[in-house]
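Here's a sequence, model it:
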Amino acid sequence: MNIFVRRQENDLFKYLDDKALNKLLEASEHRNLKAGEIVSPQDIAAIVIVLTGELTRYSSSGRQSGRIFPGEIDLEAGLFDQEALNYQLKASSPSEILLCPYAVIEGITEPEIQAQIQAAFNDSLCLKIARLTHRNHDES
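So this is what the prediction gives:
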């Protein structure tokens, strides 16, 4: 639980006001992916935000381990532990993504914006943990 109110559609920036959002968007990179195109965490140092389409997460052994939909984020764990990113993301369909570099996030000096982004990370990571730990329990 946190003290912030959702203001934006995508998960990373959901608690930011428009001014803070625009600042981060200007520092981010848009990419268009073809269906089947791979995004390797080892090749980028950024949080991925899916704008359109869908990405599928594959473990290092090739096992499907999740999907990322528009508005959702991935690779945020790389801010805390680069070794946690031992998987790949693959575009399930033509997709548009936004890459927000870790350096941009780490360079934020305003305490309120830092707290809002940390709250968004916490929300995202908690949801992923819940999905992983409750997998197949809904199917009984």
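
For the residue most central in space within the chain, name its beta-bridge partners.
Geometric centre of the chain, nearest residue: I73, 1.9 Å, by CA atoms, centre = their mean. Counting by DSSP bridges, I73 forms beta bridges with I49.

That one against S124, yeah?
Yes: between I73 and S124 a contact is recorded at 5.5 Å, counting by CB atoms under 8 Å. Any C-beta I mention is one placed from the backbone N, CA and C, and that applies to glycine too.

average pLDDT across the top helix by length along the chain?
Across the chain, the helix with the greatest residue count (assigned by DSSP state H) is helix 111-133. Helix 111-133 carries an average pLDDT of 78.

number of nearby residues for I47?
When neighbours are counted by other CB atoms under 10 Å, I47 registers 26.

A strand includes it, no?
Yes: assigned with DSSP: H, G, I helix; E, B strand; the rest coil, I47 falls within a strand.

Roughly how far does it sit from F13?
Distance, I47 to F13, by CB to CB, to the nearest Å: 10 Å.

go on, Q42?
Taken as CB to CB, the span from Q42 to F13 is 25 Å.

hey, where'd the strands end up in this structure?
29-33, 38-39, 46-52, 55-59, 64-68, 73-74, 87-91, 95-101 (DSSP state E).

Buried ones in stretch 63-79, by neighbour count?
With burial defined by 16 or more other CB atoms under 10 Å, the residues of stretch 63-79 counted as buried are S65, G66, I68, G71, E72, I73, D74, L75, E76, A77, G78, L79.

Could you list the low-confidence segments of the protein?
For the chain, the stretches flagged by pLDDT under 70 are 1-12, 128, 131-132, 135-140.

Next, the buried residues of the longest helix of the chain.
In helix 111-133, counting by 16+ other CB under 10 Å, buried: I113, Q116, I117, A119, A120, F121, D123, S124, K128.

Would you mind confirming that the third one is in contact with I105?
When you say that, I think you mean I117. Yes: I117 sits in contact with I105 when judged by CB under 8 Å, with a separation of 6.4 Å.

re earlier: give me the helices and strands touching the longest helix of the chain, please.
strand 64-68 (3 or more CB pairs under 8 Å, 6 or more residues apart in numbering; DSSP states H and E).
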